[in-house]
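Chemist: turn this into a structure:
(2 chains)
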Amino acid sequence: MSVTLSRVEPSIAGVGDYIELMKPRVMSLVVFTALVGLLIAPGHVHPVIGFAALLCITVGAGAAGALNMWYDADIDARMVRTSSRPIPRGRVSPGEAAGFGFTLAVFSVVTLGLLVNVLAAALLAFTIFFYVAIYTVWLKRSTPQNIVIGGAAGALPPVIGWTAASGTLAAEPILLFLIIFFWTPPHFWALSLYRVEDYVRAGIPMLPVVAGEHETRRQILLYTLILAPLGVMPWLLGYAGPAYGVAALTLGAGMMLLALRVRGERSGHVASKRLFGFSILYLFALFAMLLVDRMSGGLLGHLAA
Amino acid sequence: MTVASEFMNDVDKPGAEVQTGIRLTEQQLRARRARSIAIALALGVFVILIFLVTLVRLSSNVQTPHM
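Modeler: Predicted coordinates for the structure are as follows:
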């Protein structure tokens, strides 16, 4: 009788590979928006508690990224943009990525619950669940509305930051949620317009693949028409001063102009690339202005008025 | 990826020393060492974090004791 032993190759994954699994660029946006939510929330949060909350949210976001890379390893290997990720490259095995992601997810949620508060921990757990189970496993491969609905996961960090600091929910963090929620489709569809071959190869039903470029350009404009006024709402509702209002109007006008150019573009993807790049600047600048406005206690607003 | 390790099982050879296990390559040893250091650092940060939060919570309870 012959016995075949399966050979398990010892890991060659370095620390950098595990950091890459956590999607550091996505994490930077999560950290920043969560920080803004945390700092603009009412009441005083001790810096140590605030740091603990932010660390847990960051690690939780990284866990979701690792679990996403574990599940999507097959389609990542077929796309140019993602083929150099640690699993397709053979640096990290799928099992290692799943174990890493699951461990970090449990640790981050439990630690946030124990050190900060249970509501924030529950929201973080929901965010990880939504990103992994609802977006990655279900929506991404089944509907062109994948990034619209799935965008809710990316929009939750400022709400988690707010609840970590205040222990409650309010209208203001929900407004921040809506801004990121309506920002996500123009941002990702602008990218998918010039990466459409990648999505076709991977069999992902992104909007340009399913409905065509013309419809995608139209929907980018529609979502931007909702996003630009939403960006100004914190000022109109009295949550921020006029300096923020001026910045939001300017940035919103920039988004609108680029979305109109994308709509009118007949060939090539110059406008799509510009919109994608500007959309990142838009969100960072909008949240940075909100933070500066709040931290300066409306001083900038008085100066601008 | 190169096959970097091998099972050693020489029980068939008479008089041979029985050696069972996986021999790691230099690259695998370096990667394992780097991972071990990273895990140690993460654990250290976690312990310090728990310590600091405990101090903050205890001091706030001392300032405003629950009767």
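Chemist: hang on, A:Q145 packs against A:L139?
Modeler: Yes. If you go by CB atoms under 8 Å, A:Q145 and A:L139 touch, sitting 7.1 Å apart. In short, each C-beta sits where N, CA and C put it, glycine included.
Chemist: more crowded one of those two?
Modeler: A:L139 (19 against 14; other CB atoms under 10 Å in any protein chain shown).
Chemist: can you tell me the closest non-neighbouring residue to that one?
Modeler: Of all residues not flanking A:L139 in the chain, A:N146 sits nearest, at 4.2 Å (CB to CB, 6 or more residues apart in numbering or on different chains).
Chemist: swap in A:P158?
Modeler: A:G37 (3.3 Å).
Chemist: and the gap between the one you found and chain B?
Modeler: Distance, A:G37 to chain B, using CB to the nearest CB, to the nearest Å: 20 Å.
Chemist: what comes up buried for stretch B:25-39?
Modeler: Within stretch B:25-39, the residues scored as buried using 16 or more other CB atoms under 10 Å in any protein chain shown are B:Q28, B:A31, B:R32, B:A34, B:R35.
Chemist: so can I have JSON lines of those residues showing pLDDT and secondary structure?
Modeler: Output for these, formatted as JSON lines (pLDDT from 0 to 100; DSSP: H, G, I helix; E, B strand; the rest coil):
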{"residue": "B:Q28", "pLDDT": "91", "secondary structure": "helix"}
{"residue": "B:A31", "pLDDT": "93", "secondary structure": "helix"}
{"residue": "B:R32", "pLDDT": "93", "secondary structure": "helix"}
{"residue": "B:A34", "pLDDT": "96", "secondary structure": "helix"}
{"residue": "B:R35", "pLDDT": "95", "secondary structure": "helix"}
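Chemist: so which of those residues reach chain A?
Modeler: B:Q28, B:A31, B:R32, B:A34, B:R35 (CB under 8 Å from any CB of the partner chain).
Chemist: which one of the residues you listed is nearest to A:G16?
Modeler: Comparing these against A:G16 with CB to CB picks out B:A34 as the nearest, at 8.8 Å.
Chemist: what's the strand or helix carrying A:M233 packed up against?
Modeler: Using DSSP states H and E, A:M233 maps to helix A:212-236. Here helix A:212-236 touches helix A:171-194, helix A:207-210, helix A:242-264, helix A:270-295, going by 3 or more CB pairs under 8 Å, 6 or more residues apart in numbering or on different chains; DSSP states H and E.
Chemist: quick one: contacts for A:A53?
Modeler: Each residue near A:A53 by CB atoms under 8 Å, 6 or more residues apart in numbering or on different chains is listed here: A:A34, A:L38, A:V45, A:L112, A:L115, A:V116, A:A120, A:I160, A:G161, A:A164, A:A165.
Chemist: which pLDDT value goes with it?
Modeler: Here the pLDDT value assigned to A:A53 is 98.
Chemist: cool, A:R294 as well?
Modeler: 88.
Chemist: excluding chain neighbours, what is closest to it?
Modeler: That would be A:I40: by CB to CB, 6+ apart, it lies 4.6 Å from A:R294.
Chemist: A:F188 too?
Modeler: Among residues not flanking A:F188 along the chain, A:I147 sits closest, at 4.5 Å (CB to CB, 6+ apart).
Chemist: I figured the residue nearest to A:P158 hits A:P173, correct?
Modeler: Yes. Assessed by CB under 8 Å, A:G37 is found in contact with A:P173 at 5.6 Å.
Chemist: overlap in contacts of the two?
Modeler: Joint contacts of A:G37 and A:P173 (CB under 8 Å, 6+ apart) are A:P158, A:V159, A:G161, A:W162.
Chemist: which of the residues you listed tops the neighbour count?
Modeler: A:G161 (31 neighbours).
Chemist: that older thread, what sits against the residue nearest to A:L139?
Modeler: By CB under 8 Å, 6+ apart, the residues touching A:N146 are A:Y135, A:L139, A:K140, A:I204, A:P205, A:M206.
Chemist: which of those tops the neighbour count?
Modeler: In the contacts of A:N146, the most neighbours by other CB under 10 Å go to A:M206, 23 neighbours.
Chemist: so A:P229 touches A:G252, yeah?
Modeler: Yes. Using CB under 8 Å, A:P229 makes contact with A:G252 at a distance of 7.3 Å.
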